[in-house]
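Chemist: Next comes the sequence, and after it the predicted model I'd like to discuss.
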Amino acid sequence: DSQRSNGIAVVNFVNANIAEGKFGVDAFNGCRQLTIVNFASSTFKEIGNGAFNGTAIETVTIPSGVDKIGERAFQGNTTLKAVTFNEGLKTIGNSAFNGCTSLGNVTIPETVTEIGNSAFQKCEAFTQITVPTGVLKLGENAFYGCSSAKTIYYYAKNAEFAYTTSPFANGANNVTLYIGNSANEVNRLSSYLFRSTNVSTVIFNNVNISGDAKVANNIFTSCTSLVAVNFENCALNAIDFAAFYGCTALTSIDLSGTGVSKISEQAFYGCTSLTDIKLPSSSLIEIEERAFENCSALYKFTVPSNVTSIGNNAFTGCDRLIEVKNESSLVISPNATTHGGIAKNALNVYKTGDGNIQAPDANGYVFYDDGAKVYLITYVGNATRLTLPANYNGNAYEVYNRAFMNNAEITSVALASGSQISKIDSYAFLGCTALTSVDLTGGPSTMGDYVFQNCTALSLVKLPANLTNISMYTFSGCVSISAIKI
């Protein structure tokens, strides 16, 4: 208390020799006029718990010989802008720099083995975070609320994380995450490590968690901003339970070079934007139950040659999955509910060669053409104002059921002049919540059920003059409609 009431502005340690356990708790806590501390000519084993909590220090260099920075050592120091850590440091204690909102990027030495709970919580000036290779224990909320850190470098070779809230939670938006690099191999990724963070891109490089290890359960669960994952240089054994569960923005995944043998239960459950999956051609043996359940944008899938088991409901809710290439010995038939329902909605199951689904055209439209029928099955482009093609290679086509379902980006839809669309099937635009106008002038005489259901922003609709009927629930839930013209 006497320290807190005095006017100390500068502390110089001269020939001090402070042994472990001898730096008193809260020694300078609350010395709000203290702006400078100089350790240059002294020997320390630790910076004590609460030592400089709530002071006005702006920069600090931790002296050589310090093994540990104690709990709350610099907590709440909102003026602290720069910290230089010493090589040889091993422990950064709980809340050591919690609330140091002005603290710029720090270089944590590779000698550090433990980063405590909330150690750098709400260090809001961080623009990047690096977890070095030597870290063995990463605390709860270690980097929570570092809201400006757009880049995370995760190099910890074998770190344990034992909590269910990510240490990087409540951080910046659109974060790029690098796991490993050419100089830092990563051998362990713990459960929940990046759960519900705002990571948008993940780059695996020099990650080797083969053998009994795996990409752990729930590691990226509910990372709803995650768009791209690059397994650049990576050896894996399995994608564990719910690893990418609810990653609703994830559009593609390429595991072809990873050596994965198992896709575990719910690994990609609810990845509703996922359209493109590449799996290992020989190592994959098992796809567990519910692995791809409710991947509602998925329209094609290849079962690799050595797959022997596909679990129950592995593809339940994949209602747009209409083509399956089956390279395995499993017996998979169109419209069958066996093998996780992979072919329940399939128009085509084939063994070799190319299927009937064509590569996206220049505008992002994907067509299915079997020589007898042509369907527009989905859209993978980036435009928001769509004009549907008049034909496909000169042939009439149908807009397949669910073709644009739940596309939250489309704002308007019209038909090209001379449209040869023969039908717009059920659910085609269901749940397109940004869709405001539809002009089907010159369009087909037939539409399925639920075509525009729950298009909550839809206000203006022009229907074809030759439309024979308005089907069941066509505009159900379209609460903003002001005019329908025929």
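Modeler: Yep, that arrived.
Chemist: What is the burial count for residue 252?
Modeler: 14 (other CB atoms under 10 Å). Yep, even glycine has a C-beta here, placed from its N, CA and C like the rest.
Chemist: That one contacts residue 228, correct?
Modeler: Yes. Using CB atoms under 8 Å, residue 252 is in contact with residue 228, at 7.2 Å.
Chemist: joint contacts of the two?
Modeler: Among the neighbours of residue 252, none is also in contact with residue 228 (CB atoms under 8 Å, 6 or more residues apart in numbering).
Chemist: average pLDDT for the longest strand seen in the chain?
Modeler: In the chain, taking DSSP state E as the definition, the longest strand is strand 199-209. Averaging pLDDT along strand 199-209 yields 94.
Chemist: packing partners for that strand?
Modeler: strand 175-179, strand 228-236 (3 or more CB pairs under 8 Å, 6 or more residues apart in numbering; DSSP states H and E).
Chemist: Chain neighbours aside, what residue packs nearest to residue 170?
Modeler: residue 145 (4.8 Å; CB to CB, 6 or more residues apart in numbering).
Chemist: Unless I misread the structure, the one you found falls within a strand.
Modeler: No. Read with DSSP: H, G, I helix; E, B strand; the rest coil, residue 145 is coil and lies in no strand.
Chemist: That one touches residue 168, doesn't it?
Modeler: No. At 9.6 Å, residue 145 and residue 168 do not qualify as touching, with contact defined as CB under 8 Å.
Chemist: Looking only at neighbour counts, state which of those two leads.
Modeler: Between residue 145 and residue 168, counting by other CB under 10 Å, residue 168 is the more crowded of the two (28 against 21).
Chemist: which residues sit in contact with that one?
Modeler: 129, 142-144, 146, 149, 152, 175, 194, 197.
Chemist: could you dump those residues to a markdown table with distance to residue 344 and neighbour count?
Modeler: Shown next, in a markdown table, are the contacts of residue 168 (distance: CB to CB, whole Å; neighbours: other CB atoms under 10 Å):
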| residue | distance to residue 344 | neighbour count |
| --- | --- | --- |
| 129 | 44 | 25 |
| 142 | 44 | 28 |
| 143 | 44 | 26 |
| 144 | 43 | 23 |
| 146 | 45 | 27 |
| 149 | 44 | 22 |
| 152 | 40 | 24 |
| 175 | 37 | 24 |
| 194 | 33 | 26 |
| 197 | 34 | 25 |
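Chemist: what two of these are the furthest from one another?
Modeler: Greatest spacing in those, by CB to CB: 142 and 175 (15.2 Å).
Chemist: now the strands for the stretch 301-450 of the chain?
Modeler: Under the criterion DSSP state E, counting those that start in this stretch, the stretch 301-450 of the chain contains strands at 309-310, 323-326, 348-350, 365-369, 374-379, 385-388, 397-399, 412-415, 421-424, 437-439.
Chemist: any chance of these in CSV, with distance to residue 85 too?
Modeler: Shown next, in CSV, are these (distance: least, CB to CB, whole Å):
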stretch, distance to residue 85
strand 309-310, 50
strand 323-326, 53
strand 348-350, 59
strand 365-369, 52
strand 374-379, 51
strand 385-388, 53
strand 397-399, 60
strand 412-415, 55
strand 421-424, 63
strand 437-439, 58
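Chemist: Of all the ones you listed, which one comes closest to residue 296?
Modeler: Nearest of the strands of the stretch 301-450 of the chain (CB to CB): strand 374-379, 10.6 Å.
Chemist: who touches the closest one?
Modeler: So strand 374-379 is in contact with 275, 297, 299, 320, 322, 357, 364-369, 386, 388-389, 392, 395-400, 403-404, 407, 410, going by CB under 8 Å, 6+ apart.
Chemist: Show me what counts as buried in stretch 179-191.
Modeler: 179-181, 184-191 (16 or more other CB atoms under 10 Å).
Chemist: what residue is smack in the middle of the chain?
Modeler: With the centre of the chain defined as its mean C-alpha position, the nearest residue by CA atoms, centre = their mean is residue 226, 2.8 Å away.
Chemist: That one: what's it in contact with?
Modeler: Contacts of residue 226 (CB under 8 Å, 6+ apart): 199-202, 220, 244, 247, 249-250.
Chemist: if we can go back for a sec, relative to strand 175-179, how tilted is the longest strand of the chain?
Modeler: With axes from the mean of the first three to the mean of the last three CA atoms, to 10 degrees defining the directions, strand 199-209 sits at 10 degrees from strand 175-179.
Chemist: my guess is residue 218 meets residue 244, correct?
Modeler: No. Residue 218 is not in contact with residue 244 according to CB under 8 Å; the separation is 9.4 Å.
Chemist: neighbours of residue 302, just the number please.
Modeler: Neighbours of residue 302 (other CB under 10 Å): 17.
Chemist: hang on, isn't it packed against residue 328?
Modeler: No. If you go by CB under 8 Å, residue 302 and residue 328 don't touch, sitting 9.6 Å apart.
Chemist: Identify the residues contacting the closest residue to residue 332 other than its chain neighbours.
Modeler: Spatial nearest neighbour of residue 332, excluding adjacent residues (CB to CB, 6+ apart): residue 326 at 4.7 Å. For residue 326, the contact set (CB under 8 Å, 6+ apart) comprises 303, 332, 349-351.
Chemist: at 10 Å what do you get?
Modeler: The neighbourhood of residue 326, defined by CB atoms under 10 Å, 6 or more residues apart in numbering, consists of 301-305, 307, 332-333, 339, 342-343, 346, 349-352.
Chemist: likewise residue 337?
Modeler: Contacts of residue 337 by CB under 10 Å, 6+ apart are 312-313, 315-316, 343-344.
Chemist: can you do 6 Å?
Modeler: Counting by CB atoms under 6 Å, 6 or more residues apart in numbering, residue 337 touches residue 344.
Chemist: Show residues contacting the longest strand of the chain.
Modeler: So strand 199-209 is contacted by 174-182, 185-187, 223, 225-236 (CB under 6 Å, 6+ apart).
Chemist: List only buried entries from the contacts of residue 326.
Modeler: 301-304, 307, 332, 339, 342-343, 346, 349.
Chemist: can you put these in a markdown table and add distance to residue 46 and pLDDT?
Modeler: Shown next, in a markdown table, are the buried ones among the contacts of residue 326 (distance: CB to CB, whole Å; pLDDT from 0 to 100):
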| residue | distance to residue 46 | pLDDT |
| --- | --- | --- |
| 301 | 56 | 98 |
| 302 | 57 | 98 |
| 303 | 58 | 98 |
| 304 | 54 | 97 |
| 307 | 55 | 98 |
| 332 | 63 | 97 |
| 339 | 60 | 98 |
| 342 | 59 | 98 |
| 343 | 64 | 98 |
| 346 | 65 | 97 |
| 349 | 66 | 97 |
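Chemist: Including distance to residue 449, could those go into JSON lines?
Modeler: Output for the buried ones among the contacts of residue 326, formatted as JSON lines (distance: CB to CB, whole Å):
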{"residue": "301", "distance to residue 449": "27"}
{"residue": "302", "distance to residue 449": "32"}
{"residue": "303", "distance to residue 449": "32"}
{"residue": "304", "distance to residue 449": "37"}
{"residue": "307", "distance to residue 449": "36"}
{"residue": "332", "distance to residue 449": "29"}
{"residue": "339", "distance to residue 449": "29"}
{"residue": "342", "distance to residue 449": "25"}
{"residue": "343", "distance to residue 449": "24"}
{"residue": "346", "distance to residue 449": "22"}
{"residue": "349", "distance to residue 449": "27"}
